[in-house]
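Undergrad: Compute the structure for the input listed below.
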Amino acid sequence: MADTHVLFVEDDDVIREATQLALERDGFVVTAMPDGLAGLEAFRADRPDIALLDVMVPGLDGVSLCRRIRDESTVPVIMLSARADSIDVVLGLEAGADDYVTKPFDGAVLVARIRAVLRRFGHASGPDARNGAHASGDAAPAEAILRFGDLEVDTEGMEVRKGGAPVALTPTEMRLLLEFSDAPGTVLTRDRLLERVWDYGWGGDTRVVDVHVQRLRGKIGQDRIETVRGFGYKLRG
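TA: Down below sits the predicted model:
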């Protein structure tokens, strides 16, 4: 991870400096900014591999900054929130964040979460990927195209179409859809999705799953993923 560039936006001087030093000791290259506007400028100039955004920063708050970043890139975003039960957590996820960490956080936990997110995204793909997919080159074999009604999932080209029109997914949304596509009609629990999509071997906040399922529904159709109350979700064939 020595070449991994982290954008860290945090207005608290002590937290910003201590976290930057901790990340640099683990081999990350860190650009630390004290407010959202400076963070956006740094993002556009440096194109980091991952962004850590505190929710409550001046100039441009973390949620708004996440939206601006998501408009331009699918670079992974982790939100930092002072309260686990805060509505800001959900707002950040709805804005396009891939995960969140509650403050105060242990440096080792933060590093583990960063590495888990980077593994999910495939660090070699870089932060400038657009639309959650990469060029597929030649047409994929027929067996690589999964069809669910008017929804087509190209598992090799990492492309999705609905009614023939391309659907722009973030890498996390794509991984979530692939997990459902591997087992259509099968109920997948939130814990399984946390483990398989978010790489949470230790459990996690199921709000991360719920918000991403809702975001995915908004792109592929509200009725395509069914909620099975008390159990989880399943993809309708």
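
Undergrad: mind listing what's buried in the lowest-mean-pLDDT helix or strand in the chain?
TA: Lowest mean confidence among the helices and strands of the chain (mean pLDDT, DSSP states H and E): helix 87-94, at a mean of 85. By 16 or more other Cβ atoms under 10 Å, the buried positions in helix 87-94 come out as 88-93. For the C-beta atoms, the positions are set from N, CA and C on the backbone; glycine is no exception.

Undergrad: now the residue nearest the centre of the chain: how far from Glu226?
TA: Nearest to the mean C-alpha position of the chain, by Cα atoms, centre = their mean, lies Asp98 at 2.4 Å. To Glu226, Asp98 is 24 Å away according to Cβ to Cβ, to the nearest Å.

Undergrad: Skipping its backbone neighbours, what lies nearest Glu94 in space?
TA: Leaving aside its chain neighbours, Glu94 sits nearest to Val211 (5.8 Å; criterion: Cβ to Cβ, 6 or more residues apart in numbering).

Undergrad: before we move on, the earlier item: the residue nearest to the centre of the chain against Val77, yeah?
TA: Yes. The criterion here is Cβ atoms under 8 Å, and Asp98 meets it with Val77 at 5.7 Å.

Undergrad: Can you show me the helices along the chain?
TA: 13-25, 36-46, 62-72, 87-94, 107-121, 171-182, 190-197, 207-220 (DSSP state H).

Undergrad: Tell me which of those lies nearest to Leu53.
TA: helix 62-72 (4.1 Å; Cβ to Cβ).

Undergrad: So which elements touch the closest one?
TA: Under the contact definition 3 or more Cβ pairs under 8 Å, 6 or more residues apart in numbering; DSSP states H and E, helix 62-72 sits against helix 36-46, strand 50-54, strand 77-81, helix 87-94.

Undergrad: among the ones you listed, where is the model least confident on average?
TA: Mean pLDDT is lowest for helix 87-94 out of the helices and strands packed on helix 62-72, coming in at a mean of 85.

Undergrad: about what we covered before: could you dump the helices and strands packed on helix 62-72 to TSV with distance to Pro166?
TA: Listed next are the helices and strands packed on helix 62-72 as TSV, based on distance: least, Cβ to Cβ, whole Å:
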stretch	distance to Pro166
helix 36-46	25
strand 50-54	25
strand 77-81	22
helix 87-94	22
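
Undergrad: and Thr102, which of these is closest to it?
TA: strand 77-81 (5.9 Å).

Undergrad: Touching that closest one from outside, list them.
TA: 10, 50-55, 62-63, 66, 69-70, 88-89, 92-93, 96-103, 105, 113-114, 117 (Cβ atoms under 8 Å, 6 or more residues apart in numbering).

Undergrad: what do you get for stretch 56-75?
TA: Stretch 56-75 has contacts (Cβ under 8 Å, 6+ apart) with 9-11, 34-40, 43-44, 47-51, 53-55, 77, 79-80, 82, 88, 91-92, 95-97, 127-132, 170-171.

Undergrad: Quick one, which of these are buried?
TA: Applying 16+ other Cβ under 10 Å to the contacts of stretch 56-75 flags 9-11, 34-40, 43, 48-51, 53-55, 77, 79-80, 88, 91-92, 95-97, 127, 129, 132, 170-171 as buried.

Undergrad: that older thread, turn the helices of the chain into TSV, including distance to Thr155.
TA: Shown next, in TSV, are the helices of the chain (distance: least, Cβ to Cβ, whole Å):
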stretch	distance to Thr155
helix 13-25	34
helix 36-46	31
helix 62-72	24
helix 87-94	25
helix 107-121	16
helix 171-182	7
helix 190-197	15
helix 207-220	15
